[in-house]
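Novice: Okay, sequence plus prediction incoming.
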Amino acid sequence: MRSGVAVDLGTSGYRAQKIDLDTKEIKRTAITLRNPLPGANVMNHVDFAIRYGEDLAHGLSINAVKNLFQALDLENGELERISLCGNPIHLSILQGISIGDLAYAEERKKKKYNIQEQDRNARIVHSNEIPGLDEFNCEVVIPPSIKHEIGADALALIVKSGMLDNDEISIATDYGTIALKVKEIIYTGCAATGPALEGQQIKHGNLASPYSISDFEFEEGALRNYVLNEEMEAVPGDLVDPKTGDAIEKGNIEARGITGTGVIQT
C-alpha cells in the first residue's frame, strides 16, 4: 500500500492520520493529548523556544511526530508523502525555521538582535531537508503561512471549505481564526479562543479524550451527558438533574472531566 500521513501541529496537541494514497481512505488516526512543548498556549511555547533554545523545541516536536508515526503502524517502504499543517509557530519549529521574527513584533527589537524575516512560503521537499525526518525517505508537502497569526491551518480551512469558489459573502472559522470573504477580498482575524474550547481554565476541563463529557441532550427535563470512550466515541453517561446536579440514572460510562465544547453544549 502507498501511504501518506497528514499531520496537524496544533497548540493543544498533534494529530496524524495514515491515508491510503490510492483509495484516499483514512486507515488510522493517532493523537497526542498535549503539545510536546511545555505550556498551555502558543505564547508559552514561543517563550520556551526562545528561552531554552529553538533546537530543543525542534527536537521535542520531531520526537512527538515520530511517536505518532509509530502509533500509525507504518510498514517499511510504504510511506510516500507527509503533509504538514499548523500555525506558523509550530510549523516553523518542526521545520527548524527560526521563530525570532514571529516572537518579536517590535522593529527595533528585531534590529537589536539582528532578527531576519523568514521564508514561510509553500514548498515540497524531500524529508532529508528537514532535520530529524530524513529517515522516512519521502516527500514532505508544506502549505504556506499567511502571516504571524494566520497559518497554514487557517489556509487549509479556507481551501477545504470551498469558500474560494463561492461568490457569496462567506465566513470560515476555526474558533480562534476567522476568515471573512467579501467579493475578492478575504479579511482575517485571530483570538485565543482555542484553549477555552479545549478545556483549559475550566474546572474539571479536559481535552477531547477518553472519559471526557463532550455533549448533552435533554431527556424529559433532565440532562443526559455523553462521554467519550476509549475509541473516542460518544456513549451515554449519567442522566442528571440540572437543578441539583444529582445523578438520576447511571450511564454506561463514568466521566472524569468535561471538554470546552461540552461546556458550550450546556
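Specialist: Yep, it's here.
Novice: all strands for the stretch 1-150 of the chain, in order.
Specialist: All strands of the stretch 1-150 of the chain, identified by DSSP state E, counting those that start in this stretch, fall at 3-9, 14-20, 26-31, 79-86, 123-126, 139-142.
Novice: of all these, which lies closest to Ala172?
Specialist: The closest of the strands of the stretch 1-150 of the chain to Ala172 is strand 79-86. By C-beta to C-beta, the value is 14.7 Å. (Glycine included, C-beta is placed from N, CA and C.)
Novice: what's next to that closest one, contact-wise?
Specialist: Outside of strand 79-86, the residues that reach it under the criterion C-beta atoms under 8 Å, 6 or more residues apart in numbering are 2-10, 21, 69, 91, 94-95, 127, 133, 136-143, 151-153, 156.
Novice: Pull out the buried residues from those residues.
Specialist: Neighbour counting with 16 or more other C-beta atoms under 10 Å marks 3-10, 69, 91, 94-95, 127, 133, 136, 138-140, 142-143, 151-153, 156 as buried within these.
Novice: residue ranges of the helices in the stretch 101-250 of the chain, please?
Specialist: With DSSP state H, counting those that start in this stretch as the definition, the stretch 101-250 of the chain shows helices at residue ranges 107-112, 152-161, 194-197.
Novice: could you say what helices and strands the longest one packs with?
Specialist: Under the contact criterion of 3 or more C-beta pairs under 8 Å, 6 or more residues apart in numbering; DSSP states H and E, helix 152-161 touches strand 79-86, strand 170-173, strand 177-182.
Novice: Quickly compare these and say which is most buried.
Specialist: Ranked by mean neighbour count, the helices and strands packed on helix 152-161 are led by strand 79-86 with a mean of 20 (mean count of other C-beta atoms under 10 Å).
Novice: Parallel or antiparallel, list what pairs with that one.
Specialist: strand 3-9 (parallel), strand 139-142 (parallel) (DSSP bridges).
Novice: Quick one: mean pLDDT over that strand.
Specialist: In this model, strand 79-86 has a mean pLDDT of 95.
Novice: mind starting the numbering at 48 from now?
Specialist: That works, and once the first residue is 48, the last one we named lands at strand 126-133.
Novice: Give me the distance from it to the chain's centre.
Specialist: Taking C-alpha atoms, centre = their mean, to the nearest Å, the mean C-alpha location of strand 126-133 is offset from the chain mean by 14 Å.
Novice: And for stretch 62-79?
Specialist: Averaged C-alpha coordinates place stretch 62-79 at 15 Å from its chain's average position (C-alpha atoms, centre = their mean).
Novice: any residues touching it, and which ones?
Specialist: Here stretch 62-79 makes contact (C-beta under 8 Å, 6+ apart) with 48-55, 60-61, 111-112, 114-116, 118-121, 127-128.
Novice: What is the end-to-end distance of it?
Specialist: Here the two ends of stretch 62-79 are set 7 Å apart, with distance taken as C-alpha to C-alpha, to the nearest Å.
Novice: So which bits of it are buried?
Specialist: 62-66, 77-79.
Novice: Tyr234: which of these is nearest?
Specialist: Each of those was scored against Tyr234 by C-beta to C-beta, and Arg62 proved nearest at 27.6 Å.
Novice: which SS class is Gly298?
Specialist: coil (DSSP: H, G, I helix; E, B strand; the rest coil).
Novice: hang on, isn't it packed against Pro283?
Specialist: Yes. Shown here, Gly298 and Pro283 form a contact pair, counting by C-beta atoms under 8 Å, at 4.9 Å.
Novice: Which neighbours do those two have in common?
Specialist: Taking C-beta under 8 Å, 6+ apart as the contact rule, the neighbours common to Gly298 and Pro283 are 271, 274.
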